[in-house]
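Trainee: generate coordinates for the sequence data below:
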Amino acid sequence: RAGATMATPQTTAQQYRRQQELAAITVKALTRLWALAGTEFDAGWRQIRPRAIETMQLGRAATIHAAIPYTSEVLAETRQPGMPTGALVPSAFLAAAPDGFPVADTLDRLPIVAKQRVAGGMTALEARASASSWLSGAALTMLADTRRDVFQADIVQRPQITGYVRMLNPPSCPRCVILAGKRFLWNQGFQRHPNCDCIHIPASE
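Mentor: Take a look at the predicted model:
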């Protein structure tokens, strides 16, 4: 309501912590795989590529599984009505990356990033470490966008829930701070930057 102070629902905080745990596990597994690729970036990537794609998809599957109950649980905690008109299909969110392209399209940029770093003057080891940081960021963004897709889809299928409020997870960048606590209509996209960890709170008013 106008003028009211909105506290973070416990369900939202729990969801954030769980998603952060899943993201950390996924990123750790991916960066360990990349470390096995050595400094022959193209050849090394070909060897680990199937496992890297599988790891990314397993991380996304766990993310989706954790995200699906969220909207129902936070609506119950905040005492908002919002019966769904259908049921979410987890496999539908795994069919492609959140940008609509295959997951492999993003991951296949990894050896290219490493070679670009070498071309920019880094040693092979420095380039591998820098590419590992890029991989972490790309994976975190994909996982965050995957769970946001689940949240958004669940809001869409609940006619009584006409929008969502954006919640921060401090520390936050100035771009996110400006949007903190604002309510958006259900069909407004969730503005985010790479590594953004803001989250939806479904809100009918």
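
Trainee: switch to C-alpha atoms for all contacts and neighbour counts from now on
Mentor: Noted.

Trainee: residue ranges with poor pLDDT in this protein?
Mentor: Scanning the chain for pLDDT under 70 picks out 1-6, 168-172, 175-176, 180-181, 184-197, 200, 205.

Trainee: max-length helix in it?
Mentor: Across the chain, the longest stretch assigned as helix under DSSP state H is helix 124-156.

Trainee: next one: it to chain centre, how far?
Mentor: 6 Å (CA atoms, centre = their mean, to the nearest Å).

Trainee: who does it touch, helix- and strand-wise?
Mentor: If you count contacts as 3 or more CA pairs under 8 Å, 6 or more residues apart in numbering; DSSP states H and E, helix 124-156 packs onto helix 10-35, helix 41-67, helix 70-77, helix 90-94, helix 110-119, strand 199-203.

Trainee: give me whichever of these is most buried.
Mentor: strand 199-203 (a mean of 24; mean count of other CA atoms under 10 Å).

Trainee: what packs against it?
Mentor: Using 3+ CA pairs under 8 Å, 6+ apart, strand 199-203 sits against helix 70-77, helix 124-156, strand 163-167.

Trainee: any idea how far the spatially closest residue to residue 183 that is not a sequence neighbour lies from residue 182?
Mentor: Distance criterion CA to CA, 6 or more residues apart in numbering; nearest residue to residue 183, sequence neighbours excluded, is residue 165 at 4.3 Å. For residue 165, the distance to residue 182 (CA to CA, to the nearest Å) stands at 5 Å.

Trainee: these two: which is more packed in?
Mentor: Using other CA atoms under 10 Å as the criterion, residue 165 and residue 182 rank with residue 165 on top: 21 against 11.
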